[in-house]
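> just coords:
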């Protein structure tokens, strides 16, 4: 069974990947995927790719050794191909193509899930990227079941397969479904009747029980986990069959390390860009975001959240976390 950490815009950045892949242990995630990099009008400079994936400077892996695949989003096959070629030259171990983002701001500019209305364009994009990068570099795609309905889900899967993709990840909802439950895992089994392409199931996998239900209904062995990995960092170990209990005290220490990692982020001399630099507001916002999500599974998080929710000082928040440990 392969387990992958999902790409989530504004959440699974380099700092979150750093912490979650370490917490997952030696047999944890098989790989993780960057937040999508939007490709619109030009060939991006290397610094843009380093911004989204500083791991390119460390052989395309996190500190724990987990490979980081680069996800691209756009609608221009040639432009996506050129950018894929460049980021592979920078050290990307694999390319993933986004046909799943449901955000209006993305879809209005012909990106993400809205492209599923055009299976032929989906095919052209995957084929162009596949032809642009070396054969040993995997090219995969992530899609939803459709835009407003599921009528083209098989057509899109066949389009991706025939273009030469290495595997296909499917979020078991349409764009219209958003993130509302339930995830329609059984539809992946329907798709599997038509394609031989390796498939990875995604959506609502938030417990060992649901992971097993997903595998049974989707007929997919491999799974991708998103928000549950952030809210329940112990879940990955449980899925691997480990007897492991994460205490709140241990999780507090990981939160402290998360804060430290953001502050200690170093701008590589090759990447001179103000966006690369650590900012206090950015670090504070990211930590509050994580702590706010932890409220869903950790009652102990409530007291800490009340203490820091109005704080704007990184040093003050760090001190509160340390004192809570």
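Thanks, I have the structure now. None of the values given here were measured: they were computed from a predicted structure.

> Could you check how far residue 102 is from residue 120?
The gap separating residue 102 from residue 120 is 21 Å, by C-beta to C-beta, to the nearest Å. C-beta: built from backbone N, CA, C; applies to glycine.

> and the closest residue to residue 66 other than its chain neighbours, how many residues sit next to it?
For residue 66, ignoring the flanking residues on the chain, the nearest one in space by C-beta to C-beta, 6 or more residues apart in numbering is residue 21 at 4.1 Å. By the measure other C-beta atoms under 10 Å, the count of residues near residue 21 is 24.

> Correct me if wrong: residue 21 contacts residue 4.
No. Taking C-beta atoms under 8 Å as the definition, residue 21 is not a contact partner of residue 4, at 11.1 Å.

> Need the overlap of contacts for the two.
Taking C-beta atoms under 8 Å, 6 or more residues apart in numbering as the contact rule, residue 21 and residue 4 both touch 29, 32.

> and the residue nearest to residue 66, that's in a helix?
Yes. Per DSSP: H, G, I helix; E, B strand; the rest coil, residue 21 lies within a helix segment.

> Between residue 102 and residue 120, point out the one with more neighbours.
Applying other C-beta under 10 Å to residue 102 and residue 120 shows that residue 102 carries more neighbours, namely 19 against 9.

> Which residues are in contact with that one?
112-113, 144, 175, 178.

> Mind checking which of the residues you listed are in strands?
residue 144 (DSSP state E).

> so which of the contacts of residue 102 is the most crowded?
Neighbour max across the contacts of residue 102 (other C-beta under 10 Å) = residue 112, 28 neighbours.

> was I right about it contacting residue 73?
Yes. Contact criterion C-beta under 8 Å: residue 112 and residue 73 qualify, at 6.0 Å.

> List the contacts of stretch 308-318.
With contact meaning C-beta under 8 Å, 6+ apart, stretch 308-318 is reached by 256, 259-260, 263, 280-281, 283-284, 287-288, 291, 320-321.

> Going by distance to residue 87, which of those wins?
residue 283 (26.3 Å; C-beta to C-beta).

> Check which residues of the worst-scoring helix or strand of the chain on mean pLDDT are buried.
In the chain, no helix or strand scores lower on mean pLDDT, DSSP states H and E than helix 104-107, which sits at a mean of 86. Within helix 104-107, the residues that qualify as buried by neighbour count (16 or more other C-beta atoms under 10 Å) are 106-107.

> Now do that helix: everything it contacts.
Taking C-beta under 8 Å, 6+ apart as the rule, helix 104-107 contacts 38, 73, 101, 112-114, 175.

> and residue 200, that one's in a strand?
Yes. Counting by three-state DSSP, residue 200 is found in a strand.

> which residues does it contact?
Counting by C-beta under 8 Å, 6+ apart, residue 200 has contacts 2, 4, 167-170, 220, 222-224.

> want to throw those residues into a markdown table with secondary structure and neighbour count?
What follows is the contacts of residue 200, written out as a markdown table (DSSP: H, G, I helix; E, B strand; the rest coil; neighbours: other C-beta atoms under 10 Å):
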| residue | secondary structure | neighbour count |
| --- | --- | --- |
| 2 | coil | 14 |
| 4 | strand | 23 |
| 167 | coil | 19 |
| 168 | strand | 23 |
| 169 | strand | 24 |
| 170 | strand | 31 |
| 220 | coil | 26 |
| 222 | strand | 18 |
| 223 | strand | 23 |
| 224 | strand | 26 |
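
> before we move on, what SS does residue 40 have?
coil.

> Please renumber the chain so that the first residue is 12 from this point on.
From this message on, residue numbering opens at 12, which makes the last subject residue 51.

> Near it, how many other residues are there?
Neighbour tally, residue 51, other C-beta under 10 Å: 13.

> wait, isn't it in contact with residue 85?
Yes. With contact defined as C-beta under 8 Å, residue 51 counts as touching residue 85 (6.2 Å).

> Can you tell me how far residue 60 is from residue 131?
28 Å.

> actually residue 118, sorry about that
18 Å.

> what do you get for residue 292?
Between residue 292 and residue 131 the computed distance is 44 Å (C-beta to C-beta).

> Tell me which stretches of this structure form helices.
25-34, 57-63, 88-100, 115-118, 130-143, 164-173, 197-203, 219-229, 238-242, 246-250, 259-274, 291-305, 312-319, 325-335 (DSSP state H).

> Please enumerate residues in contact with the fifth one?
What it means is helix 130-143. So helix 130-143 is contacted by 83, 85-86, 88-89, 91-93, 95-96, 106, 108, 110, 126-127, 150, 152, 154, 163, 166-167, 169-171, 173-176 (C-beta under 8 Å, 6+ apart).
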